[in-house]
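**Student:** dropping a prediction and its sequence here:
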Amino acid sequence: MVTDLRAALHEAVDDEPTGGVDVVAALAGGRHRVRRRRVLAGAGAAATVVAGVVAVLAGSAITGPDRAVAPLPAGPPPLEVRRVVEFDSAQPAPLDVLTSTRTLWRDPVHDQDTDRFVGLTDDGLAVRTRFTADGVRTEVALVDPATGRTTRLPDPDPGVGEIRAVSLTADRLVFLVGRQHYTDAVLTFDRAAGTWSQHSVSTTDEVGRFFGWQATLGTDDRVYLAGESLALRWWSTGTTEGPLVHEAGLDGRAVAWNTDERATVDQRGEVRLERGGTTQVLAERAPRGCTPPADSSTAAPPSIGFSGSMLVVLFACTEGRQIVAFDDSGSAVATLPPRAVTDLSIGAEGVLFAVGDRQDLYLFEPSTARLRTLGRHLHEEGLHTAHGLVLWNEPGPEDSDQVLDIVYTVAALP
């Protein structure tokens, strides 16, 4: 799959068709992903696919024995981690399935409607979106997974189309809207006022067609959006107004916020934690056994997030990607061996992530260094964990090369 994807990527760059639809298919790579791209392309839903394309490319594609790897440069010693948690130690996680919804396209050329859960709020509700192609209408509702009670929100402006969640709190819901680019506007719902606001983002050729493939909300109330490059170049804008600003100081680093803290990690594995006006370097280099990629412009990028008071870093390695947990003193206390991590969500409950071609789902709890397997397989990117809940999607009973069938499920953790 790796060699095929790299060859397809070069071919796509050399001979890009009008509209770029086939380029997205080429980037996706693999029989299952290309099949899904063909299904979606027939329905003209290119924006829906890009998330999967980028996450596959970022998660597992640019690794393997056939890839040239530069010798490890001289420099600081590798990060030492107190404990290694092996994957064969994972125990089954009993899940209490609460609610689900389903998108089924038996005729992919004509079927375009979707019914999905796109995230979980921090007060324990599932955000459900229903997109109707006829009239380009989007409905948004909040679902209580425990009772099934559904509260439909006022409809956003016509023509919004599919939306992607950035931040879902008890106060407001922040989404991204894609049209010409993957991200063209920030859409916000004020839950107390019951009103929508939409802020158009003025993009340039510099940011690329897949602008916003990574996005996060900072504690400064600005939405941070990654440009097209996997090397991570960042821009920010306000949630309701303001110009697009290049955040040059963050370029090349994954970033996360937690109240008064900001943490970053770069491709080499340098981890910085800023709080109270001071900067602490938690790691100068990736852990032993994690070789930094030679070319950050094509390699899987790192990722970072907070799980309660603990910091979780996904280091970029030529061997895959490696999860490391740091305690609140800044010590690296637990890690998992490098694997082809293709999607993940970091929350108070832990790290929910998918691994390998089978997209096996795991939950890693940093505070206890416990690894659990969910016994499920991810269909496409879209994991989320919040308020003691987990959200994932998996192939439905009719999913095949000719039919797109995705079931979105919310379950409670024990």
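**Tutor:** Received it, and whenever you're ready, just let me know what you need.
**Student:** next one: residue 249 from residue 224, what distance?
**Tutor:** Going from residue 249 to residue 224 by Cβ to Cβ, to the nearest Å gives 12 Å. The way it works is simple: take the backbone N, C-alpha and C, and place the C-beta from them, glycine included.
**Student:** what stretches of the stretch 1-150 of the chain score poorly on pLDDT?
**Tutor:** 1-74 (pLDDT under 70).
**Student:** now the stretch 151-300 of the chain
**Tutor:** In the stretch 151-300 of the chain (pLDDT under 70), the answer is 297.
**Student:** do you have the strands of it handy? List them.
**Tutor:** 163-168, 172-177, 185-190, 195-200, 215-217, 222-226, 234-238, 245-246, 253-258, 261-266, 271-275, 278-283 (DSSP state E, counting those that start in this stretch).
**Student:** ok, back up a step: more neighbours: which of residue 249 and residue 224?
**Tutor:** Applying other Cβ atoms under 10 Å to residue 249 and residue 224 shows that residue 224 carries more neighbours, namely 22 against 10.
**Student:** ok, that one touching residue 211?
**Tutor:** No. Checked against Cβ atoms under 8 Å, the pair residue 224 and residue 211 is beyond contact range at 11.9 Å.
**Student:** give the residues shared as contacts by these two.
**Tutor:** Shared contacts of residue 224 and residue 211 (Cβ atoms under 8 Å, 6 or more residues apart in numbering): residue 235.
**Student:** what about residue 236, how many residues nearby?
**Tutor:** Using other Cβ under 10 Å: residue 236 sits among 19 other residues.
**Student:** and residue 319, by the same measure?
**Tutor:** Using other Cβ under 10 Å: residue 319 sits among 15 other residues.
**Student:** with residue 292 instead?
**Tutor:** 23.
**Student:** which residue is the nearest non-sequential neighbour of it?
**Tutor:** In space, and not counting its chain neighbours, residue 292 is closest to residue 268: 5.1 Å by Cβ to Cβ, 6 or more residues apart in numbering.
**Student:** quick one: contacts for the one you found?
**Tutor:** 75, 285, 286, 292.
**Student:** I'd say residue 390 and residue 362 touch.
**Tutor:** No. Using Cβ under 8 Å as the test, residue 390 is too far from residue 362 to be in contact (11.0 Å).
**Student:** find residues that contact each of the two.
**Tutor:** 352, 374.
**Student:** and of the strands of the stretch 151-300 of the chain, who's closest to residue 101?
**Tutor:** With Cβ to Cβ, the closest approach to residue 101 among the strands of the stretch 151-300 of the chain belongs to strand 163-168: 15.1 Å.
**Student:** so what strands line up beside that closest one?
**Tutor:** Taking DSSP bridges as the criterion, strand 163-168 forms sheet pairs with strand 172-177 (antiparallel).
**Student:** could you check the angle strand 195-200 makes with the strand it pairs with?
**Tutor:** 40 degrees (axes from the mean of the first three to the mean of the last three Cα atoms, to 10 degrees).
**Student:** how far away is residue 370 from residue 390?
**Tutor:** Taken as Cβ to Cβ, the span from residue 370 to residue 390 is 15 Å.
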